[in-house]
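[1] this is a predicted model, with the sequence first.
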Amino acid sequence: MADPTEIQSKAAAIAEAQTGKHVLDVIEAQLRRMGASHILVTGLPMPNRPIEGLVHRLRWADERLGGIERSGIDAEDSALMLGLMRSRAFIWDVTAGDTTHSELFASIGADSQVVVVPITEAHPFQALVLGGGARINGGKLELSNLELICNAAFRRLIELGVISTQRPGDLSARERRVLELTALGKTANDIASLLEISQRTVHAHLQNASAKLNASNKTHTVVEALRYGQIRL
């Protein structure tokens, strides 16, 4: 069981850190204590955008390839998509099927485990912490503490200017507002009246948002906006 004093000490270390490296070191040390041999700390890209510039720490050895590099991470790798599935930390058991759809999973191998920590407190920015190993040691309390540490770390990284909360491809403030109203069941006419713009402008904002989110229709656009943290209800 995690020692509350130790968690407080880690939180203090994060708050006092003056460089991004020191903050990331705290995350990595906590993951390794839980049994992780593979570490990835990264922002999550918007659809059709590269991930390379969002990766902050990568320690992901791969015996087949000699190690995965930042430029070798596929932005649509299914391991990364786990960060969009839930809002709380959890442990994922890697199966043989997982390894066929993910280079990150393939490099660590089937029958291993990955602790997944979605970072959700920097809206609309989204990030993910992954720690993989043969066996991850963590119950509910340990996962909760890891979640606290990782979110505190990202808040500090933002304060230090290491991370910008703006991602390439983010929706504009007006596009977000139009989608929020759409999600609440408002028609284009309703939205035009509320925002004091024309219906044509409303449709233009919806089309722009759809293109950015790689969505096929209005409903899909709203769903993807929610999934990528662009709007909240």
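    Nice, thanks for sending it over. The shown structure was predicted, so the numbers you read here are calculated from the model rather than taken from an experiment. Residues are numbered from 1 along each chain as shown.
[2] any idea of the mean pLDDT in the top helix by length along the chain?
    Scanning the chain for the helix with the most residues, using DSSP state H, yields helix 140-159. Regarding helix 140-159, the rounded mean pLDDT is 94.
[3] repeat that for stretch 80-90.
    Computed over stretch 80-90, the average pLDDT equals 92.
[4] returning to what we had before: show residues contacting the longest helix of the chain.
    Here helix 140-159 makes contact (C-beta atoms under 8 Å, 6 or more residues apart in numbering) with 1-2, 7, 10-11, 14-15, 17, 20, 23-24, 26-27, 30-31, 34, 56, 88-91, 115, 117, 119-122, 125, 127, 129, 138, 163-165. The way it works is simple: take the backbone N, C-alpha and C, and place the C-beta from them, glycine included.
[5] next secondary structure after it?
    helix 173-183 (DSSP states H and E).
[6] ok, residue 38 - contacts?
    Contacts of residue 38 (C-beta under 8 Å, 6+ apart): 59-61, 107-108, 114, 130-133.
[7] neighbours around residue 148, how many?
    By the criterion of other C-beta atoms under 10 Å, residue 148 has 16 neighbours.
[8] residue 209 versus residue 224, what's the distance?
    Distance of residue 224 to residue 209, given as C-beta to C-beta, to the nearest Å: 9 Å.
[9] find the residues that touch each one of these two.
    In contact with both residue 224 and residue 209: 215, 230, using C-beta under 8 Å, 6+ apart.
[10] go ahead and flag the most central residue of this protein.
    residue 127 (2.7 Å; C-alpha atoms, centre = their mean).
[11] what packs against the helix or strand of the chain with the lowest mean pLDDT?
    Using mean pLDDT, DSSP states H and E, helix 4-16 stands out as the lowest-scoring helix or strand of the chain, at a mean of 87. When contacts are defined as 3 or more C-beta pairs under 8 Å, 6 or more residues apart in numbering; DSSP states H and E, helix 4-16 packs onto helix 20-33, helix 140-159.
[12] next, count neighbours for the closest residue to residue 178 other than its chain neighbours.
    Nearest in space to residue 178, with sequence neighbours left out and distances taken as C-beta to C-beta, 6 or more residues apart in numbering, is residue 205 at 4.3 Å. Per other C-beta under 10 Å, the neighbour tally for residue 205 reads 22.
[13] if we can go back for a sec, got CSV for the helices and strands packed on helix 4-16, with distance to residue 187 too?
    Putting those into CSV (distance: least, C-beta to C-beta, whole Å) gives the following:
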stretch, distance to residue 187
helix 20-33, 45
helix 140-159, 37
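[14] might you report the residue contacts of the residue nearest to residue 178?
    So residue 205 contacts 172, 174-175, 178 (C-beta under 8 Å, 6+ apart).
[15] between those, which is nearest residue 213?
    Distance to residue 213, by C-beta to C-beta, is smallest for residue 175 among these, at 9.7 Å.
[16] OK, contacts around that closest one?
    With C-beta under 8 Å, 6+ apart, residue 175 has these contacts: 205, 208-209, 212.
[17] by neighbours, which of these wins?
    Neighbour-wise, these (other C-beta under 10 Å) top out at residue 209, 25 neighbours.
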